[in-house]
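Trainee: quick check, what structure comes out for this input:
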Amino acid sequence: MKKYAGWLVASVVSIAGSGVASAADMAVKAPPMAAPVAVYSWTGWYVGVNGGYAWDDTTGSLNSFTPDFTAAVTAGGTPRFLGAKHEGGFGGGQVGYNWQTSLWVFGLEADIQGADIGRTSTVIFPGGGGILPSVSTGRDHIDWFGTVRGRLGVAANNVLFYGTGGFAYGGVRTTISNVFTPGAAGTFNGSSNDTRVGWAAGAGIEWGFTPNWSLKGEYLHVDLGSSNTTMFDPVNFPVSSATYRFHHQFEAVRVGINYRFGAPVVAKY
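Mentor: Predicted structure coming up:
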């Protein structure tokens, strides 16, 4: 009986020892925890600067004229199209806010920039048809513009692809003239200067190259509507006049840099 009891105790101790050893082996062999993965978050406020180049088709079509201009228009001394071109550079700043949910990013951005978008067009008439030689000029210039736009994009971690659209506004200055030779035959001038409103739409890509800094490239179409500018002969005012219609629109490409507030990188396991 004593021998049996001793054998039983020894067996229990041996089994218990094997269990402890197996548990120790399992603890050693358990896989390590995965390292945290950094995921870029686009949520938060940002401010930045941008600059770019704008261009578009020519504009400035003859819209109406008084009877005194009939002969000049028919002969070509008063052109039916001035061909003013929107072309030039711009630069300014932006501020905005983004909300991110999963891969989707929703945002609102406002920007404003000074601009030199416009070139003077010259139309030379050598004379004929009973009309004296003349030089006509037209210039439709965008002095500044800004937008307030929504943004909707898809994020691939620290790269954001987005579309954008909304409200646009800008300062437009238009000048036209028609100078006959000799000058005593008629010098016609007209100008307008006002703030226009319209719309803007485009698309872009933004890259977060550090937790708080990002670079973006963007295409934007800006349309500030149309307006008329009339030129008069001061000697024969207001009998002699011609009115031209200009469409204030342009295409733009720009690059920018943004500083993002807060901590846009979060850790996930």
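
Trainee: just the pLDDT at the closest residue to Trp45 other than its chain neighbours, thanks.
Mentor: Of all residues not flanking Trp45 in the chain, Phe261 sits nearest, at 4.7 Å (Cβ to Cβ, 6 or more residues apart in numbering). Yep, even glycine has a C-beta here, placed from its N, CA and C like the rest. Here, the pLDDT recorded for Phe261 equals 90.

Trainee: tell me where this protein has strands.
Mentor: Counting by DSSP state E, the segments of the chain that form strands are 37-40, 44-55, 59-65, 81-101, 104-119, 121-125, 134-156, 159-180, 187-208, 213-232, 241-260, 265-268.

Trainee: so the third one versus strand 121-125, what angle?
Mentor: Computed by axes from the mean of the first three to the mean of the last three Cα atoms, to 10 degrees, the angle separating strand 59-65 from strand 121-125 equals 50 degrees.

Trainee: low-confidence stretches in the stretch 51-200 of the chain?
Mentor: 183-185 (pLDDT under 70).

Trainee: circling back: out of the strands of the chain, nearest to Thr74?
Mentor: strand 59-65 (10.5 Å; Cβ to Cβ).

Trainee: tell me which strands and helices the closest one is in contact with?
Mentor: strand 81-101, strand 134-156, strand 241-260 (3 or more Cβ pairs under 8 Å, 6 or more residues apart in numbering; DSSP states H and E).

Trainee: turn these into a markdown table, columns for distance to Val172 and mean neighbour count.
Mentor: Shown next, in a markdown table, are these (distance: least, Cβ to Cβ, whole Å; neighbours: other Cβ atoms under 10 Å):
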| stretch | distance to Val172 | mean neighbour count |
| --- | --- | --- |
| strand 81-101 | 10 | 18 |
| strand 134-156 | 6 | 20 |
| strand 241-260 | 5 | 20 |
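
Trainee: what residues are up against the residue nearest in space to the middle of the chain?
Mentor: With distances taken as Cα atoms, centre = their mean, Leu220 lies nearest the centre of the chain, 4.2 Å away. Taking Cβ atoms under 8 Å, 6 or more residues apart in numbering as the criterion, Leu220 is in contact with Thr147, Thr164, Ala200, Ala201, Gly202, Glu251, Ala252, Val253, Arg254.
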